[in-house]
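**Student:** just coords:
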């Protein structure tokens, strides 16, 4: 398998980054090819805008998704975007690896999604969910956070369920583009736990990566159940 | 009232931007003071990192939220962050005004949240939800999107409910910091509707802004129902 890890953490010495490095070793041991887009190390620009296009379908008025389609079709996307798209197309498994910021990805990773997961390639027209442009690929979120599991493990928990907080990512992004979405891997309470707990997370993640095929993917809608105007049949 | 509009759209001629300009006029007519942080026009940097701090509690290892607390307490946050915090503290109503990108805010606005809504001021320790640091302020999302309302109006809709997609923003960000969260204002299907429909959205938003006091805020948990370890009593 080709694995693309898109990583976003501002501290190279962090546990989050150690977890990433550990996963690169394990995945290589398993015979996979691994690419890492370390967004902080790359100085990745997360701001979508007119400079993302070296040629414009409409030079006077920016409709971002329309220009993404034009740029992808004509090969005129900015080089930093095109390079990431090449990695995305090559991968069989996409891992978004990040610390949870405001129950979501850090802005630098949101910008990778905004700019790289272009319309035309990953979705477009009626191609989304099980007809999405990235159908056939797998995707997984790997995240570290400060909260404890009992704060996000049920509807009655103080923040409800983690997967509900992650809905725009799990459903609105990964599943939307047709990818098979594996359950998130989560390391809880990371700033506060001891070395033994951190070592356990490394072991748990290794087990996870060695057993990806045995995971039950998350369930999402099928367009077969909706008509052309996207109303339920 | 002091109103702060944090706006993120890459096209100055967009309907989204026209809606913002319209709202500035209406709010001023109503006697409110209005400030606008136009993130694209400002060239706002959304990438959280070590450069956000001119003095460090720990110069060797970055724990972002800890440095936010230190920077806020000692007045050593980067000037672009400090300027936005001043606006945030001044405001009685915060409006995040944006086009929906991947069922969330564009990265440049996520970065405003990551960098400006600092730990220590907006939350910290057991101060969140109804004990959050921004208690007493109101907040609202104003968004434009390409989808139609029937695609996001119920659990059975193709994307489920819009408010569920917006959960990390409505609950995980605005309510988390203690603000009173008003229902989002939404303009649907914007790239595809005619001028009459757009004029109707402008009118609808004007009505909304003239009647903010009559809106029923969204409901969120109270810490009164949880013990010190954040388990439900």
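**Tutor:** Cool, the structure landed. Note that the structure is predicted; figures quoted are calculated from it, not measured.
**Student:** contacting residues for the residue most central in space within chain A?
**Tutor:** Closest to where the C-alpha atoms of chain A average out (Cα atoms, centre = their mean) is residue A:96, at 3.9 Å. Residue A:96 sits next to A:6, A:105, A:109, A:139, A:140, A:141, A:142, A:169 when contact means Cβ atoms under 8 Å, 6 or more residues apart in numbering or on different chains. All C-beta spots, glycine's among them, are computed from the backbone N, C-alpha and C.
**Student:** which of the three states applies to it?
**Tutor:** Three-state call for residue A:96 (DSSP: H, G, I helix; E, B strand; the rest coil): strand.
**Student:** name the member of the contacts of residue A:96 with the most neighbours.
**Tutor:** Using other Cβ atoms under 10 Å in any protein chain shown as the neighbour criterion, residue A:105 leads these with 31 neighbours.
**Student:** ok, it to chain B distance?
**Tutor:** Distance, residue A:105 to chain B, by Cβ to the nearest Cβ, to the nearest Å: 8 Å.
**Student:** wait, that residue sits on residue A:169?
**Tutor:** Yes - Residue A:105 lies in contact with residue A:169 (Cβ atoms under 8 Å); the separation is 6.8 Å.
**Student:** helices - which of the contacts of residue A:96 land there?
**Tutor:** Counting by DSSP state H, the contacts of residue A:96 place A:109, A:169 in helices.
**Student:** before we move on, back to that, just the pLDDT at the residue nearest to the centre of chain A, thanks.
**Tutor:** Residue A:96 is assigned a predicted lDDT (pLDDT) of 98.
**Student:** beta-bridge partners for it, please?
**Tutor:** Beta-bridge pairing for residue A:96 (DSSP bridges): residue A:6, residue A:141.
**Student:** kindly report the same for residue A:36.
**Tutor:** residue A:5.
**Student:** show me what contacts it?
**Tutor:** Contacts for residue A:36 (Cβ under 8 Å, 6+ apart) come out as A:4, A:5, A:7, A:20, A:24.
**Student:** separation between the residue nearest to the centre of chain A and chain B?
**Tutor:** From residue A:96 to chain B the distance is 12 Å (Cβ to the nearest Cβ).
**Student:** just residue A:19 next, same as before
**Tutor:** According to Cβ to the nearest Cβ, residue A:19 and chain B sit 16 Å apart.
**Student:** where along chain A do the strands fall?
**Tutor:** Assigned by DSSP state E, chain A shows strands spanning A:2-7, A:33-38, A:93-99, A:138-144, A:180-181, A:185-187.
**Student:** TSV for these, including distance to residue A:59?
**Tutor:** Shown next, in TSV, are the strands of chain A (distance: least, Cβ to Cβ, whole Å):
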stretch	distance to residue A:59
strand A:2-7	31
strand A:33-38	30
strand A:93-99	33
strand A:138-144	35
strand A:180-181	37
strand A:185-187	44
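**Student:** of all those strands, which lies closest to residue B:120?
**Tutor:** Of all the strands of chain A, strand A:93-99 sits nearest to residue B:120, with 18.1 Å by Cβ to Cβ.
**Student:** residue A:84 contacts residue A:37, correct?
**Tutor:** Yes - counting by Cβ under 8 Å, residue A:84 touches residue A:37, with 6.3 Å between them.
**Student:** shared neighbours, those two?
**Tutor:** Common neighbours of residue A:84 and residue A:37, using Cβ under 8 Å, 6+ apart, are residue A:112.
**Student:** buried sites along stretch A:55-75?
**Tutor:** Of the residues in stretch A:55-75, those buried under the neighbour-count criterion (16 or more other Cβ atoms under 10 Å in any protein chain shown) are A:57, A:62, A:63, A:64, A:65, A:66, A:67, A:68, A:69, A:70, A:71, A:72.
**Student:** identify the farthest-apart pair in the residues you listed.
**Tutor:** The widest separation within the buried residues of stretch A:55-75, taken as Cβ to Cβ, falls between A:62 and A:72 and amounts to 15.7 Å.
**Student:** all helices for chain A, in order.
**Tutor:** Counting by DSSP H, the segments of chain A that form helices are A:15-29, A:39-42, A:64-74, A:79-90, A:107-116, A:162-165, A:167-169, A:195-210.
**Student:** need these in TSV (columns: mean pLDDT).
**Tutor:** What follows is these, written out as TSV (pLDDT from 0 to 100):
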stretch	mean pLDDT
helix A:15-29	98
helix A:39-42	98
helix A:64-74	98
helix A:79-90	98
helix A:107-116	98
helix A:162-165	98
helix A:167-169	98
helix A:195-210	98
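**Student:** how about those in a markdown table, adding distance to residue B:129?
**Tutor:** What follows is the helices of chain A, written out as a markdown table (distance: least, Cβ to Cβ, whole Å):
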| stretch | distance to residue B:129 |
| --- | --- |
| helix A:15-29 | 26 |
| helix A:39-42 | 31 |
| helix A:64-74 | 34 |
| helix A:79-90 | 37 |
| helix A:107-116 | 23 |
| helix A:162-165 | 14 |
| helix A:167-169 | 19 |
| helix A:195-210 | 27 |
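**Student:** wait, which of the ones you listed is closest to residue B:232?
**Tutor:** Across the helices of chain A, the minimum distance to residue B:232, taken as Cβ to Cβ, is reached by helix A:162-165, at 16.4 Å.
**Student:** can you name the residues in contact with the closest one?
**Tutor:** With contacts defined as Cβ under 8 Å, 6+ apart, helix A:162-165 is touched by A:103-104, A:152-153, A:159, A:170, A:184, A:186, A:218, B:164, B:167-168, B:171-172.
**Student:** name the nearest residue to residue A:92, sequence neighbours excluded.
**Tutor:** Excluding the flanking residues, the one nearest residue A:92 by Cβ to Cβ, 6 or more residues apart in numbering or on different chains is residue A:1, at 4.4 Å.
**Student:** isn't the one you found right next to residue A:34, touching?
**Tutor:** No - using Cβ under 8 Å, residue A:1 makes no contact with residue A:34, being 9.2 Å away.
**Student:** between these two, who's got more neighbours?
**Tutor:** Between residue A:1 and residue A:34, counted using other Cβ under 10 Å, residue A:34 has the larger neighbour count: 19 against 14.
**Student:** so what does the residue of chain A positioned farthest from its centre have for phi and psi?
**Tutor:** Going by Cα atoms, centre = their mean, the residue of chain A most distant from its centre is residue A:60, 32.0 Å out. When read as degrees, to the nearest 10, the backbone of residue A:60 gives phi -100, psi -20.
**Student:** and residue A:53, what does it touch?
**Tutor:** Applying Cβ under 8 Å, 6+ apart to residue A:53 gives the contacts A:67, A:70, A:71, A:76, A:77, A:78.
**Student:** which pair of those residues spans the longest distance?
**Tutor:** A:70 and A:78 (12.9 Å).
**Student:** pull the residues that contact stretch A:12-23.
**Tutor:** Counting by Cβ under 8 Å, 6+ apart, A:5, A:7, A:9, A:11, A:36, A:41, A:95, A:97-99, A:142, A:144, A:187, A:190, A:198, A:201-202, A:205-206, A:209, B:61-62 sit against stretch A:12-23.
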